[in-house]
Structures are given as structure tokens and as C-alpha cells.
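K.L.:
This is a predicted model, with the sequence first.
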Amino acid sequence: MPDTFDALVIATFGRHLLVRDTVGRELKARPFGRGLVIVAGDNVVCTDDARTNETHVLELRPRRSALYRSNLRGGAEPVVANLSQLLVVLAPKPVPDLFVLDRYIAAATSGGVSATLVLNKRELGIDEELQKELSVYTAAGYEWLACSTRTGEGMEAVFAACAGATTALVGQSGVGKSSLIRRLVPRADVQVGDLVREEEGRHTTTASRLFDLPGGGSLIDSPGVRDFAPAIDRLDGGHLGFIEVARLAPQCRFADCRHMREPGCAVTAAVAAGTMHPRRYESYRRLRRLFEELTEARGPKRR
């Protein structure tokens, strides 16, 4: 059995990885075997192969938590691992896709990971419509922070939210996640290192990357997306990660209520009464339809 060592995955480029061992060495690596799916934040067991001068990842340590998405067949794909919180970044421009934002939050909530909204580009102003939408999240129980990476306004609160935690940044393209990283990690370009720059020259898409925060903790960046679908296997089938639905569901007439058209549904009654916001409910309905489409596409579960 070859000598092995533990390492942390700090960047991924398709099947190519950058890992850091316990003494601080940064090594290019690749999974040994097609069954290993590795993402930034994973803890892995590695070995150095002297014959090929490569570092191989042999084993994935159990994940404490992860953010998962669905692939086209409804299977679960990890995005980032071992995070303690998710910061979902939005901005006045581009216009926020609140349905995608809701899906990120649903995935985090279902995975037991706290989610906070970060409104970047505060200097552009918050119009009445966006303010109303943010108040909906506050009423549901989610916190949000406003900041400007251009002026520095509100950055103290973002620093405080990240201190000592393993935080993943997600959001649409164009919301300023890269600018946030440069504010939070002033030496980010240095921290990336020559190995990452070399790999980025070969691979156009970086799946994710981990940065050490100056005050402790770490930050994992995930590329911006146009759409995001949570992994259906990781969602609670009763509420799909919508905390308003989770609170109301015990009051429904039927224990297996889908909260769509069923009689005696406490969720639809709350929407009609104005105590659950209709846009959040429409977001739930869209995810419910996607959940059922992907479940049906996968067919019966194998025993």
C-alpha cells in the first residue's frame, strides 16, 4: 500500500484538482478512478505516484455538508463541500432572478446550511420593488446584507458574517462576486498561486476555488449561473426547502399534501389570506413541478 496523506481540495478544473496537504504544500492532483467526484472544500486522501510524478486522490473523506445541484437526468452533483453557510449574492443590476435565488436557498435549507442574501452594488440604490422583495425574505426568516464593493459601504457586516466560517459564494453572473472576493481577500491574486494560473490557462472553466480569509475561515467561489436546480434527492419532499411551507405543512389536512391543489391545504390558504407571499409560492410551485418532472424522468427507484 503506498504512503498516503490527507489534503484539502482548494480548486477544481474539471477532473484536474489543486490540493493542499497538512504542511501547506499545494499540489496538482487528479482523482484515481472515475467514481470519485471531487469539489472545492472536500477533504481527501492522496498519494504521490513516483512513476508518473503525479498526485492521485484515492479517497473522499465524508462530507459534513455540501451544496448539490441536479443534472439533466435528475442526479445529484456536488457544487461545493463542507461549508457552514451560503452567501447568495444579488445586485440591482443585472435584474435579480429571484426564482434562481430561491432555489439556492432551498438547496441550502434542505442541506442544513444557513443562507444569507448579500445585495452588492448598493451604490446603485434599492428601488421600491426590490425593497419589497427583500422584506419578503426578512419576513420568512432570512437575513440580508447590503454592501458596495466600489465604495466599501456595508463591507464590515460582510466581513463579520464570514469570520471563522467556511462560506460559499453563489449567484448570477455579473453580480460582483469577484469584486467581493477581492474585498474580502485582499491578496486573492497572490493566494491563487502559480499552479492555479497555470491550470486556468489550460482549462477555461473553473468549477470552484477556495480562498483563506485573513481573519480566519475560508471562502469558496462558485461560477455564476443562469439557472440552478437543487438535487431532488437532497430536498425534503414535503416542503422542498421553503421554510414558510415547512411551518404551514403540519396544518394541512393530508400528511402527503403537495401544496398545489389539494383540499384543506394550509399553504394555499395562507397564500389566499396574504400571509405567504404569492411570488414565493409561485417559486415553490415551479420547483415542485421540476421536482416531479425529474423524479418521473428517473423512473422507479432501484432496490
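P.N.:
Looks like it arrived, so ask away. Residues are numbered from 1 along each chain as shown.

K.L.:
could you say what helices and strands the helix or strand L210 falls within packs with?
P.N.:
Applying DSSP states H and E as the criterion places L210 in strand 208-212. If you count contacts as 3 or more Cβ pairs under 8 Å, 6 or more residues apart in numbering; DSSP states H and E, strand 208-212 packs onto strand 5-13, helix 188-202, strand 218-221. Every C-beta, even on glycine, is put in place using the N, C-alpha and C of the backbone.

K.L.:
Least reliable of these by average pLDDT, please.
P.N.:
Looking over the helices and strands packed on strand 208-212, mean pLDDT reaches its minimum on helix 188-202, with a mean of 54.

K.L.:
Quick check: most distant residue from the centroid of this protein.
P.N.:
Distance from the centre of the chain peaks at R51, with 37.7 Å (Cα atoms, centre = their mean).

K.L.:
three-state assignment of R285?
P.N.:
What DSSP: H, G, I helix; E, B strand; the rest coil gives for R285 is helix.

K.L.:
Tell me how far the closest residue to it other than its chain neighbours lies from A188.
P.N.:
Computed as Cβ to Cβ, 6 or more residues apart in numbering, the closest residue to R285 that is not its neighbour in sequence is M260, at 6.7 Å. M260 sits 45 Å away from A188, taking Cβ to Cβ, to the nearest Å as the criterion.

K.L.:
go on, A157?
P.N.:
The spacing between A157 and A188, counted by Cβ to Cβ, is 20 Å.

K.L.:
in the stretch 201-303 of the chain, which ranges drop under the pLDDT threshold?
P.N.:
The stretch 201-303 of the chain contains residues with pLDDT under 70 at 201-207, 224, 300-303.

K.L.:
again, only this time at 80
P.N.:
By pLDDT under 80, the low-scoring segments of the stretch 201-303 of the chain are 201-207, 223-226, 297-303.

K.L.:
do the same with the stretch 1-150 of the chain
P.N.:
Checking the stretch 1-150 of the chain against pLDDT under 80 turns up 1-2, 14, 34, 72-74.

K.L.:
one step back: spit out the contact partners of the residue nearest to R285.
P.N.:
T268, R285, R288 (Cβ atoms under 8 Å, 6 or more residues apart in numbering).

K.L.:
element containing it?
P.N.:
According to DSSP H and E, M260 maps onto no helix or strand at all.

K.L.:
Let me see the ranges of the strands in the chain.
P.N.:
All strands of the chain, identified by DSSP state E, fall at 5-13, 16-21, 26-31, 43-49, 54-60, 66-70, 76-81, 85-90, 114-119, 143-146, 166-171, 208-212, 218-221.

K.L.:
so which of those strands is the most packed in?
P.N.:
The highest average neighbour count among the strands of the chain, using mean count of other Cβ atoms under 10 Å, belongs to strand 166-171 at a mean of 26.

K.L.:
which one is V170 nearest to, not counting chain neighbours?
P.N.:
Spatial nearest neighbour of V170, chain neighbours left out: S222 (5.0 Å); criterion: Cβ to Cβ, 6+ apart.

K.L.:
Just to check, that neighbour is in contact with S208?
P.N.:
Yes. Counting by Cβ atoms under 8 Å, S222 touches S208, with 5.0 Å between them.
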